[in-house]
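Asker: with the sequence up front, the predicted model follows.
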Amino acid sequence: MSLFPSAIIHLTNVDDLAALKLKHAHILLCFSADWCAPCRAMEGTLINTAFELTDKAVVIKADPKICHCLAAELGVRTVPSYVAINDAQVSEPVYGIQTITSLLDMIEVY
């Protein structure tokens, strides 16, 4: 058990994203999979990014196999990939291993 609870929300239902969009103006959406080595390598970076974005934005993690319609709608082709939603404006996906700085730069309030 971790001493620091993750601030990452795990999306298990595509419909939950609509509710989260109503509650949060700024979202960093990460598509990743358990079998993906780069996704696993990004786990710590994603947790640190969520910590940095506390009270500014929310970090949501989604498995493209579960949320395949959402991934297709956003143009996600591979994992890991990141999409920012800033005041209902959706960014183009960013792929691969990223730095905390590049993920934070995707969120306009940071």
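Answerer: Looks like it came in fine.
Asker: show me what the lowest-mean-pLDDT helix or strand in the chain is packed against.
Answerer: One helix or strand of the chain scores below all others by mean pLDDT, DSSP states H and E: helix 14-23, with a mean of 91. Using 3 or more Cβ pairs under 8 Å, 6 or more residues apart in numbering; DSSP states H and E, the elements in contact with helix 14-23 are strand 8-11, strand 26-31, strand 58-62, helix 68-74. All C-beta atoms are positioned from the backbone trio N, CA, C, and that covers glycine.
Asker: what pairs with the first one, parallel or antiparallel?
Answerer: Right, strand 8-11. Take DSSP bridges as the rule and strand 8-11 pairs in its sheet with strand 58-62 (parallel).
Asker: thought L74 was touching V90?
Answerer: Yes: counting by Cβ atoms under 8 Å, V90 is a contact partner of L74 at 6.6 Å.
Asker: so between those two, which is more surrounded?
Answerer: Using other Cβ atoms under 10 Å, the more surrounded residue of L74 and V90 is L74, with 20 against 14.
Asker: could you find the closest non-adjacent residue to the more buried one?
Answerer: Setting aside the residues directly before and after it, L74 is nearest to V83 in space (Cβ to Cβ, 6 or more residues apart in numbering), at 5.2 Å.
Asker: how many neighbours does that neighbour have?
Answerer: Considering only other Cβ under 10 Å, V83 is surrounded by 22 other residues.
Asker: how about I8?
Answerer: 18.
Asker: beta partners for it?
Answerer: With DSSP bridges as the rule, I8 is bridged to V59.
Asker: residue contacts, it?
Answerer: 30, 46-47, 50, 59-61 (Cβ atoms under 8 Å, 6 or more residues apart in numbering).
Asker: how about those, which pair is most distant?
Answerer: Greatest spacing in the contacts of I8, by Cβ to Cβ: I47 and I60 (13.2 Å).
Asker: more neighbours: those two, which one.
Answerer: A direct count of neighbours by other Cβ under 10 Å for I47 and I60 places I60 higher, at 23 against 17.
Asker: quick one: the more buried one and H26 touch, right?
Answerer: No: counting by Cβ under 8 Å, H26 is not a contact partner of I60; they are 11.1 Å apart.
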